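**Q** Can you look at this prediction? I've put the sequence above it.
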Amino acid sequence: MTAVELAGITKRFPGVVANHDIHLSVRKGTVHALVGENGAGKSTLMKILYGMQKPDEGTIAIDGEQVSFSSPADAIARGIGMVHQHFMLADNLTVLENVVLGSEKLHGIGGKARRKIKEISERYGLGVRPDLLVEELGVAARQRVEILKVLYRGARTLILDEPTAVLVPQEVDALFANLRELKSEGLSVIFISHKLGEVLSVADEITVIRRGTTVGTAVPAETTSRQLAELMVGSELPTPETAESTVTDRPVITVKDLRLEAAGGKALLDDISFTIHAGEVLGLAGVEGNGQTELVDALIGLKSADSGTITLAEEEITTWATRKRREQGIGYIPEDRHRHGLLLEAPLWENRILGHVTERPNAKGFWLDPKAAQEDTRRIVKAYDVRTPGIDVTAASLSGGNQQKLIVGREMSHKPRFLIAAHPTRGVDVGAQAQIWDQIREARREGLAVLLISADLDELIGLSDTLRVIYNGQLVADADPATITPEELGSAMTGAATGHLESPTEDPVEPSADASLGTPADAPLGTPAGAPLETSADGEAKAPADGSPDDPAETSADAPAATSADSPAEPSADAPAEPRAESPVKVPSQGTASTPSQGPAKTQADADAPEDEDAPDADAPADADAPEDEAR
């Protein structure tokens, strides 16, 4: 039986058509994946289903009954729930308080509500504890709270927007187990994702939309990632691998004994030391909230280190202001493009100036040069394939992927010596992803030093020359990208493995009893699995006095790791091409499956409010005053 039926959905905004004649049918008790490039119209379609926008044409049917939604409250009343990509939780409230907020009339705010939460948690295997503060929860636990919130409100169809964007592989597996529990209870899930491998793993059916309309459906068991990618963007699935090493022996950025403390004296970063050479990409892996943001803030100058030094080339910059660091060649792709990368209501050419106000072509001496900035913005739009009707539209009118490409183009245009790239491809489609990877690889060949922070472990492993793992504000492990797997890296990110990470050999002599926990075989006896190892000058591992606790939310940063990543690792080899299979994809007869040609350049990104990645890609001039909801 059909849970949700969308037929002929069309949504227009001034100058653009966001959705055109879209058809989507979701059966009860299934996971239905919705995939498409940035700007394809996925988010607009889901906003219509969730009652945030009304369609201009078309119908919505829930359980076979045609309905019309005027607000999310109407959708919730009919059993539709949505988990946004960026969680909508109050950190200073408990899980119970977050769940009942706005739904106090259902089960009150006390014992009855607590019992209901525990019942739902146990029924679907969510493992949620109602009395914990949300600020004490990890990313995966927060996501389960969001799922529980919509179930608490009686949702029978769940919309999950990019649910795996910030999860490590083990957490993704746990999420998929939760989804299977939901399926077994007859619930339906609409799963929106750019990670095609995960889509094929968890979905029962797939619908692909491109440029605002449905272009086909697919059966996961009979479809490959390459076929899905070709249907989405008209090109093959890109891979992040780098073919050759470009690492030199010239240090560009050196961080030594860096420490950053919170107001109460708690260490946010402790004894951070690393060197990145010209032509080297250092990948930093870690579950969000373990010090990555603080490290970036210290490197760009937004926060002052309490101790330690930062050196750019041969000049110490620890006390430099942010503007001086930018002028001297530090580029910055922020993890949250809306809060730190763009002025959403400003035109594109003004956003091109951000962070580089005193530099050419934006300025002539003490004066801004708007004409030169506008001309260079047109160059960036063309070179980086930023799909926009013009440079005078607001940044809010672009989809997430096009916003990210604008930021990448802006930063690369100033030929930085050192680039901080924080989640550079988060929430962008495979086409934009490939463009961003190409830009990073090209700049790397020209001697750029890159600090790459990403939740996409395949991206980290593929692009990096050296890998380090940050856990509770400390660098606790390092790995060779050529030999490490995403699963092993994910294990270290949760604190289960430390020291130098190596894949087990095919013919192990005698594996350590602790190998499964990630404790190196040559670690001294009694070393706990989660304890960071210090490496002596002769390479011998030493156990610290205190083991490192398991929970990143409650771990102290007393035991720094002293492993070094100054010797770059060899890059991983190119992955073998996936064999092409006969395409089982069903293309509707309306003639919408034609593949548009792709531009030659291929390029790429969290706020507290949900980020809408799917603005329509407009080929004709659009009204700059189009609603923000339509835009992204």
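**A** Now that the structure is in, tell me what you want to look at.
**Q** Start and end of stretch 47-57, how far apart?
**A** End-to-end distance for stretch 47-57: 15 Å, by Cα to Cα, to the nearest Å.
**Q** pLDDT on that stretch, on average?
**A** Mean pLDDT, computed over stretch 47-57, is 90.
**Q** Mind splitting this protein into its structural domains?
**A** As given by automatic domain parsing, the domain ranges for the chain are 1-79+156-237, 90-152, 246-329+415-505+514-573, 340-414.
**Q** would CSV of those domains with mean neighbour count be doable?
**A** Every residue, glycine included, has its C-beta placed from N, CA and C. What follows is these, written out as CSV (neighbours: other Cβ atoms under 10 Å):
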stretch, mean neighbour count
domain 1-79+156-237, 20
domain 90-152, 17
domain 246-329+415-505+514-573, 20
domain 340-414, 20
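**Q** For these, which has the smallest mean pLDDT value?
**A** It's domain 246-329+415-505+514-573: among these, that one has the lowest mean pLDDT, namely a mean of 76.
**Q** Give me the distance from that domain to the chain's centre.
**A** The offset between the C-alpha centroid of domain 246-329+415-505+514-573 and the centroid of the whole chain comes to 17 Å, using Cα atoms, centre = their mean, to the nearest Å.
**Q** Then stretch 126-139?
**A** Relative to its parent chain, stretch 126-139 has a centroid offset of 21 Å by Cα atoms, centre = their mean.
**Q** Likewise for stretch 204-218?
**A** Average the C-alpha atoms of stretch 204-218, do the same for its chain, and the two points are 22 Å apart (Cα atoms, centre = their mean).
**Q** how about that stretch as PDB, C-alpha atoms only?
**A** Included here for stretch 204-218 are C-alpha records, laid out as PDB according to Å, rounded to 0.1, in the frame of the first residue of the first chain:
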ATOM      1  CA  ASP A 204      14.400  -0.300  -1.300                       C
ATOM      2  CA  GLU A 205      13.600   2.100  -4.100                       C
ATOM      3  CA  ILE A 206      15.300   5.100  -5.600                       C
ATOM      4  CA  THR A 207      13.800   8.200  -7.400                       C
ATOM      5  CA  VAL A 208      16.200  10.500  -9.200                       C
ATOM      6  CA  ILE A 209      15.400  14.100 -10.000                       C
ATOM      7  CA  ARG A 210      17.400  16.500 -12.100                       C
ATOM      8  CA  ARG A 211      16.800  20.200 -12.800                       C
ATOM      9  CA  GLY A 212      13.500  20.100 -11.000                       C
ATOM     10  CA  THR A 213      11.900  17.100 -12.600                       C
ATOM     11  CA  THR A 214      11.800  13.300 -12.200                       C
ATOM     12  CA  VAL A 215      14.200  11.600 -14.600                       C
ATOM     13  CA  GLY A 216      13.900   8.000 -13.400                       C
ATOM     14  CA  THR A 217      13.500   5.300 -10.800                       C
ATOM     15  CA  ALA A 218      15.900   2.500  -9.900                       C
END
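**Q** can you pull out the strands in the stretch 51-200 of the chain?
**A** With strands called from DSSP state E, counting those that start in this stretch, the stretch 51-200 of the chain shows them at 57-62, 65-67, 80-83, 157-161, 188-192.
**Q** Could you do the stretch 251-400 of the chain as well?
**A** Listed in chain order, the strands of the stretch 251-400 of the chain (DSSP E, counting those that start in this stretch) span 251-261, 267-277, 281-285, 307-312, 315-316, 330-333, 363-364, 367-368.
**Q** need those in TSV with distance to residue 395, can you?
**A** Below are the strands of the stretch 251-400 of the chain laid out as TSV (distance: least, Cβ to Cβ, whole Å):
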stretch	distance to residue 395
strand 251-261	29
strand 267-277	30
strand 281-285	27
strand 307-312	29
strand 315-316	34
strand 330-333	15
strand 363-364	20
strand 367-368	18
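**Q** Among those strands, which comes closest to residue 9?
**A** For the strands of the stretch 251-400 of the chain, proximity to residue 9 was assessed by Cβ to Cβ; strand 330-333 is nearest, at 34.4 Å.
**Q** Relative to the closest one, what are the paired strands and their orientations?
**A** Strands that pair with strand 330-333, judged by DSSP bridges, come out as strand 418-422 (parallel).
**Q** now for whichever helix or strand comes after the strand it pairs with, which elements pack on it?
**A** Helices and strands here follow DSSP states H and E; after strand 418-422, the next one along the chain is helix 430-445. Contact analysis of helix 430-445 by 3 or more Cβ pairs under 8 Å, 6 or more residues apart in numbering; DSSP states H and E lists helix 225-233, helix 400-412, strand 418-422, strand 449-453, helix 457-463 as its packing neighbours.
**Q** Look up how far residue 450 lies from the most centrally placed residue in the chain.
**A** Nearest to the mean C-alpha position of the chain, counting by Cα atoms, centre = their mean, stands residue 426 at 3.4 Å. Relative to residue 450, residue 426 is positioned 16 Å away (Cβ to Cβ, to the nearest Å).
**Q** ok so, going back, can you redo the helices and strands packed on helix 430-445 as CSV with distance to residue 477?
**A** Written out in CSV, the entries for these read as follows (distance: least, Cβ to Cβ, whole Å):
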stretch, distance to residue 477
helix 225-233, 29
helix 400-412, 29
strand 418-422, 20
strand 449-453, 15
helix 457-463, 13
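**Q** Residue 120: which of these is closest?
**A** Each of those has some distance to residue 120 by Cβ to Cβ; the shortest is helix 457-463, at 30.8 Å.
**Q** Which strands or helices does the closest one pack on?
**A** Judged by 3+ Cβ pairs under 8 Å, 6+ apart, the packing partners of helix 457-463 are strand 281-285, helix 430-445, strand 449-453, helix 486-493.
**Q** before we move on, back to that, adding distance to residue 342, write the strands of the stretch 51-200 of the chain out as a markdown table.
**A** Supplementary listing: the strands of the stretch 51-200 of the chain in a markdown table, determined by distance: least, Cβ to Cβ, whole Å:
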| stretch | distance to residue 342 |
| --- | --- |
| strand 57-62 | 32 |
| strand 65-67 | 36 |
| strand 80-83 | 24 |
| strand 157-161 | 20 |
| strand 188-192 | 22 |
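**Q** if we can go back for a sec, distance to residue 145 added to the helices and strands packed on helix 457-463, as JSON lines?
**A** Listed next are the helices and strands packed on helix 457-463 as JSON lines, based on distance: least, Cβ to Cβ, whole Å:
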{"stretch": "strand 281-285", "distance to residue 145": "24"}
{"stretch": "helix 430-445", "distance to residue 145": "29"}
{"stretch": "strand 449-453", "distance to residue 145": "25"}
{"stretch": "helix 486-493", "distance to residue 145": "21"}
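**Q** so which of those comes closest to residue 370?
**A** Going by Cβ to Cβ, the one of the helices and strands packed on helix 457-463 nearest residue 370 is helix 430-445, 25.9 Å.
**Q** quick one, the closest one and strand 418-422 angle?
**A** Interaxial angle of helix 430-445 relative to strand 418-422 (axes from the mean of the first three to the mean of the last three Cα atoms, to 10 degrees): 160 degrees.
**Q** which stretches of the stretch 101-250 of the chain form helices?
**A** If you assign secondary structure with DSSP state H, counting those that start in this stretch, the helices in the stretch 101-250 of the chain sit at 104-107, 111-124, 139-152, 169-184, 196-202, 225-233.
**Q** tell me how far the first one is from the chain's mean position?
**A** Right, helix 104-107. Counting by Cα atoms, centre = their mean, helix 104-107 is centred 34 Å from the centre of its parent chain.
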